[in-house]
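# Attaching a predicted model along with its sequence, questions to come.
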Amino acid sequence: MTDENNKLLVDLEVRIKQMMFLCDTLKEENARLKTALQTKQGEIDVTATELKQLKTKYDSLKTARTITAASVDVDSAKLKLSKLVREVDKCINLLK
């Protein structure tokens, strides 16, 4: 081999090592990002569950306030109670 070929071979070898190092670095970063993504997804799931629970509690509180408020129309309260009873009946029927 000539000196020029040796130089090209060494240059190619150096570039391949650089690419391998870059590939390893990107693999590590990818693994880190996947872990971070899983953590964030878990946090989102927990937050979504909490939100659902809070919405349920809020709806219950609204219903309770509607029923107990002195200035509320009795017919409106009866309608809401009837709606709740129908929903409970539907749930019971679905469980059968």
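Perfect, I can see it now. What you are looking at is a predicted structure, and each value in this text was computed from that prediction instead of being measured.
# So for this structure, the centremost residue is which one?
Closest residue to the average C-alpha location of the chain: residue 44 at 3.3 Å, with CA atoms, centre = their mean.
# so what pLDDT did that one get?
On the pLDDT scale, residue 44 is placed at 95.
# how far away is it from residue 37?
Going from residue 44 to residue 37 by CB to CB, to the nearest Å gives 10 Å. For the C-beta atoms, the positions are set from N, CA and C on the backbone; glycine is no exception.
# Give me the distance from the lengthiest helix in the chain to the chain's centre.
Across the chain, the longest stretch assigned as helix under DSSP state H is helix 3-68. In terms of CA atoms, centre = their mean, to the nearest Å, the centre of helix 3-68 is set 12 Å apart from its chain centre.
# Show the low-confidence segments of the chain, by residue range.
Scanning the chain for pLDDT under 70 picks out 1, 66-74.
# Please tell me how far residue 75 sits from residue 6.
Distance from residue 75 to residue 6, by CB to CB: 97 Å.
# Revised request: answer the last question for residue 29.
Distance of residue 29 to residue 6, given as CB to CB: 35 Å.
# Equivalent analysis for residue 28, please.
As judged by CB to CB, residue 28 and residue 6 stand 33 Å apart.
# How many neighbouring residues does residue 78 have?
Using other CB atoms under 10 Å, residue 78 has 11 neighbouring residues.
# Could you shift the numbering so residue one becomes 359, and keep it that way?
Understood, numbering begins at 359; the last thing we discussed is residue 436.
# what's around residue 438, how many residues?
When neighbours are defined as other CB under 10 Å, residue 438 has 15 of them.
# Correct me if wrong: it contacts residue 421.
Yes: using CB atoms under 8 Å, residue 438 is in contact with residue 421, at 6.0 Å.
# and the longest helix of the chain, what does it pack onto?
Judged by 3 or more CB pairs under 8 Å, 6 or more residues apart in numbering; DSSP states H and E, the packing partners of helix 361-426 are helix 432-453.
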